[in-house]
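# No sequence on hand, only this structure:
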């Protein structure tokens, strides 16, 4: 066994390849798949506006699965509570349909804007193995969720706060 890794139960599948070799084999380094339900529920938000948000987790280190679904009348605090609800040593992904008003320069009119963002929540206190799994699987999720306007990686509550997220989304408006 590699001296850096603590002993762990032998994997049920083939022996693990070093990460740099496995990148070419699959769509991502971690080998984690995205459940079909993730794509279906995401389409429900994107096309039908059925929900306000989704929270995903990696089940058994193998599949990204839907964990929580926020109704259309849920707010950002509900999303944060579900996103961080697994505790300080666990990671999650979340999609949120963020609404805000944008005032165009030189006008008094404010328009309502909606942007879909995907957040990777990996607190600093999370176990290193978890953080590595979630960061290496983020690309697979990005590829499946077409139409996300912003990717946000948050490691603490200030980075995940509504103010911080809205500021990042508004930066896209000034273009």
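Here it is on my side, so go on. Predicted, not measured: the structure shown is a model, and the values here were computed from it.
# what residues does stretch 43-53 touch?
41, 54, 68-75, 78-79, 82, 94-97, 116, 147 (CB atoms under 8 Å, 6 or more residues apart in numbering). In short, each C-beta sits where N, CA and C put it, glycine included.
# Strands - which of those residues land there?
54, 68-71, 94-97, 116 (DSSP state E).
# Can you select the buried ones from these in PyMOL?
Remark: buried members of those, expressed as a PyMOL selection using 16 or more other CB atoms under 10 Å:
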select buried, resi 54+68+69+70+94+95+96+97+116
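# Output the ones in strands among the contacts of stretch 43-53 in CSV, with pLDDT and distance to residue 87 appended to each entry.
CSV is the format used below for the ones in strands among the contacts of stretch 43-53 (pLDDT from 0 to 100; distance: CB to CB, whole Å):
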residue, pLDDT, distance to residue 87
54, 98, 19
68, 98, 14
69, 98, 20
70, 98, 19
71, 97, 24
94, 98, 15
95, 98, 21
96, 98, 20
97, 98, 26
116, 97, 26
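# Adding distance to residue 156, write the ones in strands among the contacts of stretch 43-53 out as a markdown table.
Shown next, in a markdown table, are those (distance: CB to CB, whole Å):
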| residue | distance to residue 156 |
| --- | --- |
| 54 | 22 |
| 68 | 20 |
| 69 | 25 |
| 70 | 22 |
| 71 | 27 |
| 94 | 15 |
| 95 | 20 |
| 96 | 17 |
| 97 | 23 |
| 116 | 23 |
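# Closest to residue 153 out of the ones in strands among the contacts of stretch 43-53?
Proximity of the ones in strands among the contacts of stretch 43-53 to residue 153 was ranked by CB to CB; the top entry is residue 94 with 11.6 Å.
# What is the distance between the helix or strand where residue 167 lies and the centre of its chain?
For residue 167, the host element (DSSP states H and E) is helix 162-171. Here helix 162-171 is found 16 Å from its chain centre; the criterion is CA atoms, centre = their mean, to the nearest Å.
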